[in-house]
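K.L.:
could you look at this predicted model? Sequence included:
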Amino acid sequence: MKKSHYRRDLPDGSVQYFSDPLKKPDAEQKYFDDIIERRQEDEGGELLTFLRFGREQSYPNRVLNRVCKDYILHYVTGGKGRFNGRTITAGMGFLVVPGVAHSMESDSCDPWHFKWIAFQGSGARWQMQSLGLDEKHPYFSFDFSEPLERLFEDVIYRGYEDCDLNTYLQGVFYIVMSYHKKQVTRERAGKDSSGKYAEQALRYIDEHYRENLRVEEIAASLHISRKYLCSVLERHAGTSTKEYLLCRRVDAAAELLLHTELTVSEIAAEVGYGDYTQLSRLFRKKKGISPQRYRKEHRER
């Protein structure tokens, strides 16, 4: 077994192995792929086993089409590229799943810089699913690029004579996982609060749709912005604020047409529309027929 667990891959396809830590690339070394890998004499065995850390500054138009045998997390910290046809920029990342074909291509003008971690183990799939990642949902964003940069600099470009390399690297791997877990916890807490805002907005509309209600007024009642209100309703109710308000008014008008003798003009005022023509136009749009025809047909039935 070779002792050289440090590796540098170069654009010309050559691979260099080192027994001592790599020298950090300088400005003259434009493209590089620096790697540190687990000592192979030690079997993995853990539920989640680190294999390799890598740090790459890709060259323009570098294309990889392959199927990997391990899970690989990629963190783009500069430039841009495409993964399976989707553009990925700094602050975004993606997961390569073993046994699944994928393609990667660096940008022609601003090739990406990214960090990557390869790992395996019986618990790897479950661990990724707990982060919301799998072969169908491989993309993510991350907000810990600075500590990630420090970790990778430390891992790849220093020595480990004073500790067991594999144990140390496994620990660093779990530190990165802890950053993921913390971000996912924050995002899920945000989604929970946004769900409450959506519920409150729908309740407010149900209670006030008869009034001359505007989206800004609904947002102000919840002490949130108009833009945020629209986004949480799209996410949780699958509809826009205006669309939900429109449907609520048309449904209320339909009930009044069936169960009261009010005229269409009176019903229009009752559900928050200023005149008959506005209600008639929107009613026809949603129900496919005029209010008068709707009343006649349903009463005949």
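P.N.:
That came through, no problem. Numbering: from 1, shown residues only.
K.L.:
could you use CA atoms for every contact and neighbour count after this?
P.N.:
Will do.
K.L.:
so what's K191 scoring on pLDDT?
P.N.:
Note for K191: predicted pLDDT of 62.
K.L.:
next one: K2
P.N.:
In this model, K2 carries a pLDDT of 47.
K.L.:
and if you look at E46?
P.N.:
With respect to pLDDT, E46 scores 68.
K.L.:
domains of the protein?
P.N.:
Listed domain ranges for the chain are 6-159, 243-300 (source: automatic domain parsing).
K.L.:
F144 touches Y179, doesn't it?
P.N.:
Yes. With contact defined as CA atoms under 8 Å, F144 reaches Y179; the gap is 7.0 Å.
K.L.:
hmm, back to that, now the domains of the chain in CSV, with distance to R186?
P.N.:
Putting the domains of the chain into CSV (distance: least, CA to CA, whole Å) gives the following:
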stretch, distance to R186
domain 6-159, 11
domain 243-300, 29
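K.L.:
what about stretch 251-265, distance to the chain center?
P.N.:
45 Å (CA atoms, centre = their mean, to the nearest Å).
K.L.:
before we move on, back to that, CSV please, covering the domains of the chain and showing mean neighbour count and distance to A220.
P.N.:
What follows is those, written out as CSV (neighbours: other CA atoms under 10 Å; distance: least, CA to CA, whole Å):
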stretch, mean neighbour count, distance to A220
domain 6-159, 17, 30
domain 243-300, 16, 16
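K.L.:
out of those, nearest to L233?
P.N.:
domain 243-300 (9.1 Å; CA to CA).
K.L.:
the stretch 101-250 of the chain: strands as residue ranges?
P.N.:
Assigned by DSSP state E, counting those that start in this stretch, the strands in the stretch 101-250 of the chain fall at 101-106, 113-120, 139-141.
K.L.:
restrict the longest one to CA atoms and write it as CSV.
P.N.:
Backbone C-alpha positions of strand 113-120 (Å, rounded to 0.1, in the frame of the first residue of the first chain) are rendered in CSV as follows:
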residue,chain,number,x,y,z
HIS,A,113,-14.0,26.4,-8.2
PHE,A,114,-15.5,23.8,-5.9
LYS,A,115,-14.8,21.6,-2.9
TRP,A,116,-15.9,18.0,-2.9
ILE,A,117,-16.2,15.1,-0.4
ALA,A,118,-16.5,11.5,-1.4
PHE,A,119,-18.0,9.0,1.1
GLN,A,120,-19.9,5.8,1.3
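K.L.:
same for it, what does it pack against?
P.N.:
Under the contact definition 3 or more CA pairs under 8 Å, 6 or more residues apart in numbering; DSSP states H and E, strand 113-120 sits against strand 49-57, strand 71-78.
K.L.:
one more time with 10 Å
P.N.:
Taking 3 or more CA pairs under 10 Å, 6 or more residues apart in numbering; DSSP states H and E as contact, the helices and strands that strand 113-120 lies on are strand 32-37, strand 49-57, strand 71-78, strand 80-83, strand 92-96, helix 145-156, helix 165-208.
K.L.:
those: which one's closest to V264?
P.N.:
helix 165-208 (19.9 Å).
K.L.:
now do the closest one and strand 49-57, the angle between them.
P.N.:
80 degrees (axes from the mean of the first three to the mean of the last three CA atoms, to 10 degrees).
K.L.:
please give me every residue in contact with D107.
P.N.:
58-63, 79-82, 87-89 (CA atoms under 10 Å, 6 or more residues apart in numbering).
K.L.:
could you rerun that using 7 Å?
P.N.:
Going by CA atoms under 7 Å, 6 or more residues apart in numbering, D107 touches 60-61, 80-81.
K.L.:
what of H102?
P.N.:
Going by CA under 7 Å, 6+ apart, the list of residues near H102 reads 65-67, 84.
K.L.:
now do the same end-to-end measure for stretch 200-220.
P.N.:
From its first residue to its last, stretch 200-220 covers 12 Å (CA to CA, to the nearest Å).
K.L.:
in that stretch, what counts as buried?
P.N.:
201-202, 205, 209-210, 215, 218-219 (16 or more other CA atoms under 10 Å).
K.L.:
make a markdown table out of those and add distance to T260 and pLDDT.
P.N.:
Putting those into a markdown table (distance: CA to CA, whole Å; pLDDT from 0 to 100) gives the following:
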| residue | distance to T260 | pLDDT |
| --- | --- | --- |
| A201 | 28 | 89 |
| L202 | 26 | 90 |
| I205 | 23 | 91 |
| Y209 | 19 | 88 |
| R210 | 16 | 88 |
| V215 | 29 | 89 |
| I218 | 29 | 90 |
| A219 | 33 | 88 |
